[in-house]
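Peer 1: Here is a sequence together with a model predicted from it:
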Amino acid sequence: MKRRTSAFFLTLLVALLTIGFTPTSAQAATSKIYLFDTPHIDLLGAALDNGLSTSLLPTGRLGQMVFTPPEKPRTWFIDAALIDEVSALAPKDPVAQNWLTELKTTSIDDTIVAIPYGHPELSLARRLAPSELTYYYESSQARLQVAFGREVLIERGARWTKKATVIIADAVHSYTINRRALALLTTVVPAQQLDDLRSKMSYLLASGSTKDEQSYFAHNADMALAAANHKLRIVPGKYRLTSEHEKVPITLVNDFATPIRVTLQLTPLNSRIKTGGPETVLLAANSKTQLSISFTVIAPGSTAVLAEFRNSEGKALGDSVILALSLSVISPAVAWFTAGAAILLFMAAIAQSVRRVKRSRK
């Protein structure tokens with residue numbers, strides 16, 4: 001009897017201990033909260049709509065996730081592109097400021113995982129440019145760590161949408177062309193000067209985006225890349241040369257906030273004029289530089305010179321421009337040639353006259 005009683009109490013004790021230390025299903029499950037949204041600011045910095053502020057209200061879609069989150073434990077999956085937009089809005093919008101403050105307070109003891117910047121469609125981004133997808137992860141992680149002041153994780157296996165998004169061909173083409181052009185520009189422009197534009201290229205592949213949004217960002221990316229290229233440019237012009245050897249002032253512009261070293265390549269479009277070889281120049285930050293280039297006139301008339309910037313590998317950067325030249329001087333070589341031709345014609349005329357005189361006498 002005593003043995004049975006002891007066994008009963010031992011079983012009861014084990015059961016109580018098990019109940020006390022075994023978590024319930026609610027305690028064991030970690031809630032996952034996904035914070036991302038359609039871009040509200042385009043690649044040129046223009047605001048697209050005013051819907052973000054409404055969504056950040058406690059009753060809005062993004063507001064409900066922050067002001068009434070599920071119980072702990074929980075993990076926040078956050079796209080830094082959304083945080084960047086809310087942070088830009090916060091100084092002039094108390095709703096955005098309240099949302100940011102609440103998010104930082106609510107998530108202070110929770111795990112934060114970075115969604116790649118712009119939440120691109122994973123399978124497509126991985127296929128088109130895996131190195132860029134890595135950059136979007138790291139860019140989002142770095143920005144979130146600054147915003148929250150603590151460690152942020154990356155989980156490459158995480159998914160934030162259940163359904164794959166079909167990206168239209170125009171968006172894919174624009175993404176490919178502009179990403180390559182941007183990579184070329186970074187061979188002379190420090191990468192940090194182009195980080196924002198590079199990160200926002202992911203908008204063209206955003207998961208959950210509509211075809212209209214994809215079409216808009218495809219065109220918008222073309223304009224943004226053109227604007228970036230325009231910051232480093234040669235000013236076209238028309239020039240009149242009146243002597244055989246003359247220097248032409250060419251204006252070079254660098255609107256980037258850092259000095260940039262480039263090579264100026266000038267290519268005459270015909271043989272009326274000659275110029276020296278490529279010239280490497282260092283352009284000061286936010287500057288206009290006037291460079292005197294020597295030209296040698298070979299023949300009079302009108303001509304043009306193709307001017308372009310190249311990097312250290314000889315690859316052309318941005319758009320080339322045309323320098324129109326009007327040449328009103330006769331070079332010594334042409335003068336000697338013309339004089340020689342005139343003398344030969346004169347001598348031929350004399351010889352013909354002599355022959356006529358001799359024939360007449362016969």
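Peer 2: Looks like it arrived, so ask away. Keep in mind that what you see is a predicted model, and the values were worked out from it rather than measured. Numbers count the residues shown, from 1 in each chain.
Peer 1: What's the end-to-end length of stretch 260-280?
Peer 2: 11 Å (Cα to Cα, to the nearest Å).
Peer 1: for it, the distance to its chain's centre please.
Peer 2: Distance, stretch centre to chain centre, for stretch 260-280: 28 Å (Cα atoms, centre = their mean, to the nearest Å).
Peer 1: Could you do stretch 178-185 as well?
Peer 2: 7 Å.
Peer 1: what about Leu43, distance to Gln192?
Peer 2: 17 Å (Cβ to Cβ, to the nearest Å). C-beta: built from backbone N, CA, C; applies to glycine.
Peer 1: if you count what's nearby, which of the two comes out ahead?
Peer 2: Leu43 (23 against 10; other Cβ atoms under 10 Å).
Peer 1: for that one, what are its contacts?
Peer 2: For Leu43, the contact set (Cβ atoms under 8 Å, 6 or more residues apart in numbering) comprises 197, 200-201, 203, 217, 220-221, 223-224.
Peer 1: just for the stretch 251-362 of the chain, where's the confidence low?
Peer 2: 329-342, 344, 346, 348-349, 351, 353-362 (pLDDT under 70).
Peer 1: try it again with 90
Peer 2: Residues of the stretch 251-362 of the chain that meet the criterion pLDDT under 90 lie in 271, 276-278, 301, 318-319, 327-362.
Peer 1: which residues in it form strands?
Peer 2: With DSSP state E, counting those that start in this stretch as the criterion, the stretch 251-362 of the chain has strands at 260-268, 273-275, 279-283, 287-297, 301-310, 316-327.
Peer 1: again, but for the stretch 51-200 of the chain
Peer 2: Along the stretch 51-200 of the chain, counting by DSSP E, counting those that start in this stretch, strands occupy 74-79, 111-115.
Peer 1: mind checking which of the ones you listed is nearest Ala96?
Peer 2: strand 74-79 (15.3 Å; Cβ to Cβ).
Peer 1: just checking, what packs against that closest one?
Peer 2: strand 31-35, strand 111-115, helix 130-148 (3 or more Cβ pairs under 8 Å, 6 or more residues apart in numbering; DSSP states H and E).
Peer 1: Show me how the record splits the chain into domains.
Peer 2: 28-230, 232-334 (automatic domain parsing).
Peer 1: Redo those domains as a markdown table? Include distance to Ile343.
Peer 2: Formatted as a markdown table, the domains of the chain follow (distance: least, Cβ to Cβ, whole Å):
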| stretch | distance to Ile343 |
| --- | --- |
| domain 28-230 | 54 |
| domain 232-334 | 15 |
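Peer 1: most tightly surrounded among these?
Peer 2: A comparison of these by mean neighbour count, using mean count of other Cβ atoms under 10 Å, puts domain 28-230 on top with a mean of 17.
Peer 1: what distance separates that domain from the middle of the whole chain?
Peer 2: Relative to its chain's centre, domain 28-230 lies at 15 Å (Cα atoms, centre = their mean).
Peer 1: one step back: could I get the helices and strands packed on strand 74-79 in a markdown table, plus columns for mean pLDDT and distance to Lys211?
Peer 2: Listed next are those as a markdown table, based on pLDDT from 0 to 100; distance: least, Cβ to Cβ, whole Å:
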| stretch | mean pLDDT | distance to Lys211 |
| --- | --- | --- |
| strand 31-35 | 96 | 23 |
| strand 111-115 | 98 | 22 |
| helix 130-148 | 97 | 22 |
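Peer 1: Noted, bye for now.
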